[in-house]
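*Asks:* any chance you can model this:
(one chain, ligands or ions: 1)
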Amino acid sequence: QAARPHVVVLATGGTIAGAGASAANSATYAAAKVPVDKLLAGLPELASVARVSGEQVFQIASESFTNDHLLQLGKRVSALAKQADVDGIVITHGTDTLEETAYFLNLVVRTTKPIVVVGSMRPGTALSADGALNLYDAVGVAASKDAAGKGVLVTMNDEIQSGRDVSKTINIKTEAFKSQWGPLGMVVEGKNYWFRAPVKRHTSASEFNIDEIQALPAVDIVYGYGNMNTTGIEAYGKAGVKALVHAGTGNGSVAAQAVPALQALRAQGVQVVRSARVPDGFVLRNAEQPDDKYDWVVAHDLRPQKARILAMVALTKTNDSKELQRIFWEY
Ligand SMILES: NC(=O)CC[C@H](N)C(=O)O
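*Replies:* I've put the predicted structure just below:
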């Protein structure tokens with residue numbers, strides 16, 4: 001008994017804590033209803049994997065996550081990771097912004113202990129609910145020595161994904177979380193099968209530390225599309241944004257009429273991060289737009305919502321565009 005690893009489950013809400021009116025309700029239900037004690041009590045199989053304790057951190061749908069939620073959660077994860085009696089940490093989370101929280105924790109929590117973020121696509125009340133197995137897998141991975149040092153992980157649909165790379169790619173099916181670089185491994189019947197490891201800097205090798213971050217700067221996103229106007233860019237500039245992520249078309253291309261508005265923002269000291277609305281691939285520096293000339297930063301392979309997270313974290317340390325670009329290559 002005493003030899004079992006201790007895994008702390010931090011519950012934040014989402015569909016994995018959702019409840020519907022009938023078992024046929026796979027998509028129509030209320031998220032963030034079931035408390036963590038009930039979630040854990042419903043999975044007696046966890047006892048054979050780990051000694052599990054639960055904490056209700058929030059009970060919200062993840063689209064309502066704010067920077068304050070990220071900071072509070074990150075600080076709690078960091079404090080738990082420092083405890084000698086904690087071997088791994090699981091965060092249950094709504095799937096809509098799960099990838100943002102997982103990437104944030106990957107950047108700022110200085111630990112090699114496994115941290116696993118998990119959600120579900122169907123509430124526990126539904127036929128073929130996926131939350132129980134996803135949570136069982138998450139606790140199993142968090143309890144495993146071989147999951148240490150691999151950065152923040154996401155277990156969904158039998159796969160172990162890198163929290164940096166993974167994104168929600170469909171809003172109905174259970175195989176919702178994918179990365180263009182592929183999963184790190186799979187978890188089957190409580191055993192992990194690894195196939196690759198992340199090469200970008202994370203967690204214990206990060207230059208960022210949640211214990212030293214008290215606030216995150218305002219970073220927002222504008223979307224590129226045909227007939228784009230500059231209203232959003234100008235409004236964010238007036239609102240005092242510190243960086244603006246441009247979710248461009250194609251290889252992060254920017255409409256001719258939007259370029260001067262972004263240049264004006266940069267001239268005011270606002271950082272411009274050029275990303276792409278295309279789900280996969282990566283933005284090349286000085287292709288499509290002369291980034292060196294405009295002093296813009298490219299988001300590498302990060303989707304706009306992940307580029308926003310990295311820009312916020314990076315801006316807590318530097319407002320130098322060359323340093324920001326180095327950070328975007330390295331993380
Ligand atoms: N599948 C889900 O978790 C989505 C539920 C909700 N919108 C959330 O992200 O919390």
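
*Asks:* low-confidence ranges, the stretch 201-331 of the chain, go.
*Replies:* For the stretch 201-331 of the chain, no stretch has pLDDT under 70.

*Asks:* which single residue of it ends up nearest the ligand?
*Replies:* Using CB to the nearest ligand atom, Q305 is the residue of the stretch 201-331 of the chain that sits closest to the ligand, at 12.8 Å. Any C-beta I mention is one placed from the backbone N, CA and C, and that applies to glycine too.

*Asks:* and for the stretch 51-200 of the chain?
*Replies:* Closest point on the stretch 51-200 of the chain to the ligand, by CB to the nearest ligand atom, is G94, at 1.7 Å.

*Asks:* that residue in helix, strand or coil?
*Replies:* coil (DSSP: H, G, I helix; E, B strand; the rest coil).

*Asks:* isn't it right up against A30?
*Replies:* No. Under the criterion of CB atoms under 8 Å, G94 is not in contact with A30, lying 11.9 Å apart.

*Asks:* out of these two, which sits in the busier spot?
*Replies:* More crowded of G94 and A30, by other CB atoms under 10 Å: G94, with 25 against 16.

*Asks:* roughly how far apart are the residue lying closest to Q257 once chain neighbours are set aside and A17?
*Replies:* Nearest in space to Q257, with sequence neighbours left out and distances taken as CB to CB, 6 or more residues apart in numbering, is T230 at 6.5 Å. Here T230 is placed at a distance of 41 Å from A17 (CB to CB, to the nearest Å).

*Asks:* which one of the two has more residues nearby?
*Replies:* Per other CB under 10 Å, whichever of T230 and A17 has more neighbours is A17, with 29 against 18.

*Asks:* may I ask you to confirm that the more buried one is in contact with D37?
*Replies:* No. Counting by CB under 8 Å, A17 stays clear of D37, with 11.1 Å between them.

*Asks:* longest single helix anywhere in this protein?
*Replies:* When every helix of the chain is counted residue by residue (DSSP state H), the longest turns out to be helix 67-82.

*Asks:* in it, what's buried?
*Replies:* H69, L70, L71, L73, G74, K75, R76, V77, S78, L80, A81 (16 or more other CB atoms under 10 Å).

*Asks:* with stretch 114-133 instead?
*Replies:* 114-126, 129-133.

*Asks:* which ones among these map onto helices?
*Replies:* Filtering the buried residues of stretch 114-133 for helices - DSSP H - leaves G131, A132, L133.

*Asks:* V141 versus the second one, what's the distance?
*Replies:* For A132, the distance to V141 equals 15 Å [CB to CB].

*Asks:* likewise T231?
*Replies:* 45 Å.

*Asks:* of those two, who's got more company?
*Replies:* A direct count of neighbours by other CB under 10 Å for T231 and V141 places V141 higher, at 27 against 10.

*Asks:* surely the more buried one meets P114?
*Replies:* Yes. If you go by CB under 8 Å, V141 and P114 touch, sitting 6.1 Å apart.

*Asks:* residues that sit against both of the two, list them.
*Replies:* Common neighbours of V141 and P114, using CB atoms under 8 Å, 6 or more residues apart in numbering, are G88, A147, L153.

*Asks:* need the pLDDT of the last one.
*Replies:* L153 carries a pLDDT score of 99 in this model.

*Asks:* show me what the closest residue to it other than its chain neighbours is bridged to.
*Replies:* Among residues not flanking L153 along the chain, V116 sits closest, at 4.8 Å (CB to CB, 6+ apart). As for beta bridges, V116 partners with V90, L153 under DSSP bridges.

*Asks:* surely V116 is in contact with G151?
*Replies:* No. Assessed by CB under 8 Å, V116 is found out of contact with G151, at 10.6 Å.

*Asks:* enumerate the residues of the stretch 101-250 of the chain near the ligand.
*Replies:* Applying CB under 6 Å from any ligand atom, we find that the stretch 101-250 of the chain lies next to the ligand at G119, M121.
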